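Q: sequence unknown, structure follows:
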């Protein structure tokens with residue numbers, strides 16, 4: 001039999017990426033497109049779903065052309081996408097809303113109201129402390145009634161792109177089970193929408209998509225899309241998974257006790273476990289269903305950690321950007337090289353790097369800050385403090401994981417994503433948490449997860465979990481230094497106390513109306 005190929009499309013917040021792979025996980029070709037974003041006002045974060053589909057189609061066409069593989073050899077296509085969001089479509093799949101993620105925080109008052117009205121039910125059934133899709137549907141219903149009235153289904157961006165490629169009818173609109181946690185209106189025990197929670201908030205379940213398995217075939221490539229992309233009409237389209245869930249599968253997070261740090265635009269620290277334990281004490285861990293049935297992924301997601309570092313480089317890194325452009329290097333590498341010369345603790349400077357608010361536990365009033373700066377501190381101090389702040393947040397999370405799962409031994413954390421390339425950041429995290437960090441060898445784990453799901457849907461892979469362990473590999477480890485860990489412990493204690501001490505100040509700032517109003 002001639003070799004078969006699999007295609008992954010990963011529709012993230014910052015980029016849409018496409019990869020074409022062989023049956024051994026080897027990448028034959030890839031293409032990506034940046035995703036434009038509009039931020040016309042604080043708390044507003046807008047992305048155009050039709051534009052995102054066009055970008056995905058264009059990247060797919062480019063990757064196919066580069067790969068040189070036969071269209072007939074492509075066995076299936078799977079699609080992952082950003083998880084914490086929603087969009088509306090009418091009966092003809094025309095968008096009725098923008099693609100709205102958690103950073104588009106205009107929905108937040110409704111999310112807070114849901115927590116106040118059904119906190120225990122939402123945590124018990126959906127495994128979350130913050131409803132996103134559910135709260136956004138309420139926001140659109142109350143604030144944009146005309147758009148809501150024209151909405152036939154609420155979907156996620158991955159499901160929208162898959163539906164457009166696969167030509168499915170609106171009645172077959174879908175969401176795969178790995179997204180359910182983020183909706184806040186699902187019952188994870190039955191992989192379906194919660195009648196109780198939807199009923200409490202008047203959420204119309206007929207506007208919600210059907211729930212499918214991550215490796216379900218949801219459609220087949222339309223003749224029109226096939227011509228546009230250079231593929232064969234009828235190629236199976238597989239549901240795929242949320243980008244973070246797909247990444248955990250691709251990185252081999254398929255054994256209880258393994259931990260993954262996804263150092264991406266929206267960072268995440270995730271544990272693989274074989275049982276569902278709601279974090280009722282701290283309300284910090286989100287319990288995602290794994291793409292592998294029977295496993296759960298207790299996780300914490302950071303609202304824009306990578307985005308915050310990009311903001312720093314854009315705002316303060318003009319010198320590094322010029323140097324990087326001249327040398328063909330990276331502005332982040334130059335910033336890190338200078339920050340590496342600063343001692344642990346940034347010489348008394350501590351940062352809050354959660355510029356978009358703390359998502360878990362839900363604390364939307366929190367914003368960014370640096371504390372302790374003096375005339376002595378330079379740009380490299382501020383950048384190092386920003387890197388350290390995420391490590392302090394993770395140290396807090398790791399302590400909660402240890403408390404919730406006392407029988408689990410934590411001996412290493414695997415790191416993936418664009419931020420995994422930073423030796424400085426990996427070492428800071430290892431030192432702060434006192435645990436070995438292992439950088440995995442690839443940077444395409446969400447797409448690896450996609451092809452594992454695509455392959456399992458059409459018989460290329462019989463046991464995707466075993467294949468995941470074979471695909472994942474490491475290329476460097478970072479051992480913690482006990483002296484640095486002890487020094488950092490005092491900063492972690494201060495960091496944990498910042499939220500209660502400073503929350504009232506952040507709230508007071510946000511109550512001040514814009515100048516002129």
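A: Looks like it came in fine. Because the structure is a prediction, the values reported are computed rather than measured. Residues are numbered from 1 along each chain as shown.
Q: only C-alpha atoms for contact and neighbour calcs from this point on.
A: Fine.
Q: now for the biggest helix by length in the chain, which elements pack on it?
A: Identified as the longest helix of the chain according to DSSP state H is helix 482-511. Contact here means 3 or more CA pairs under 8 Å, 6 or more residues apart in numbering; DSSP states H and E; on that basis helix 482-511 packs against strand 350-352, helix 379-404, helix 423-433.
Q: so which of those comes closest to residue 507?
A: strand 350-352 (15.4 Å; CA to CA).
Q: neighbouring contacts of that closest one?
A: By CA atoms under 8 Å, 6 or more residues apart in numbering, the list of residues contacting strand 350-352 from outside reads 367-372, 382, 385-386, 388-389, 491, 495.
Q: make it 7 Å
A: Under the contact criterion CA atoms under 7 Å, 6 or more residues apart in numbering, strand 350-352 has outside partners 368-372, 385-386, 389.
Q: list only those of the residues you listed flagged as buried.
A: Buried members of these, scored by 16 or more other CA atoms under 10 Å, are 385-386, 389.
Q: which one of the residues you listed sits closest to residue 320?
A: Nearest member of the buried ones among the contacts of strand 350-352 to residue 320, counting by CA to CA, is residue 386, at 16.8 Å.
Q: got the contact list for the closest one?
A: 351, 353.
Q: return the distance of it relative to residue 306.
A: 11 Å (CA to CA, to the nearest Å).
Q: low-scoring stretches of the protein, by residue?
A: Applying pLDDT under 70 to the chain flags residues 1, 473-474.
Q: how's it carved up into domains?
A: 5-240, 244-304+338-517 (automatic domain parsing).
Q: ok, which of these comes nearest residue 318?
A: That would be domain 244-304+338-517 among these, by CA to CA, at 11.6 Å.
Q: tell me how far that closest one lies from the chain's centre.
A: Counting by CA atoms, centre = their mean, to the nearest Å, domain 244-304+338-517 is centred 11 Å from the centre of its parent chain.
Q: backbone phi and psi for residue 476, please?
A: Main-chain torsions, residue 476, degrees, to the nearest 10: phi -170, psi 150.
Q: that one: what's its closest spatial neighbour, skipping adjacent residues?
A: Setting aside the residues directly before and after it, residue 476 is nearest to residue 439 in space (CA to CA, 6 or more residues apart in numbering), at 5.4 Å.
Q: again with residue 338
A: Excluding the flanking residues, the one nearest residue 338 by CA to CA, 6+ apart is residue 380, at 5.7 Å.
Q: residue 341: which element?
A: Residue 341 is part of no helix or strand, with elements assigned from DSSP states H and E.
Q: count the residues that sit near it.
A: 12 (other CA atoms under 10 Å).
Q: next one: it from residue 383, what distance?
A: For residue 341, the distance to residue 383 (CA to CA) stands at 12 Å.
Q: show the end-to-end separation of stretch 195-210, please.
A: 14 Å.
Q: mind listing residues that contact it?
A: 152-155, 172-175, 185.
Q: returning to what we had before: let me know the closest of the contacts of strand 350-352 to residue 398.
A: residue 389 (14.3 Å).
Q: secondary structure element holding residue 244?
A: Residue-wise, residue 244 maps onto helix 243-250 under DSSP H and E.
Q: with residue 7 instead?
A: strand 5-11.
Q: what's downstream of that strand, the next helix or strand?
A: Past strand 5-11, the next helix or strand by DSSP H and E is strand 15-22.
Q: give me the contacts around that next one.
A: Outside strand 15-22, the residues touching it (CA under 7 Å, 6+ apart) are 4-11, 27-35, 56, 59-60, 63, 447.
Q: state the distance from residue 208 to residue 183.
A: Taking CA to CA as the measure, residue 208 falls 10 Å from residue 183.
Q: the two: who's more crowded?
A: Neighbour count, other CA under 10 Å: between residue 208 and residue 183, residue 183 has more, with 25 against 20.
Q: I figured that one hits residue 135, correct?
A: No: at 8.1 Å, residue 183 does not count as touching residue 135 under the criterion of CA atoms under 7 Å.
Q: tell me the buried residues within the contacts of strand 15-22.
A: Here, 16+ other CA under 10 Å leaves 4-11, 27-33, 35, 56, 59-60, 63, 447 buried among the contacts of strand 15-22.
Q: now do the same contact list for residue 98.
A: 46-49, 87.
Q: nearest to residue 275, of the residues you listed?
A: residue 87 (31.0 Å).
Q: which element is the closest one on?
A: strand 85-89.
Q: for residue 339, which non-adjacent residue is spatially closest?
A: Per CA to CA, 6+ apart, closest to residue 339 is residue 380, 4.6 Å.
Q: ok, how many other residues are close to that neighbour?
A: 19.
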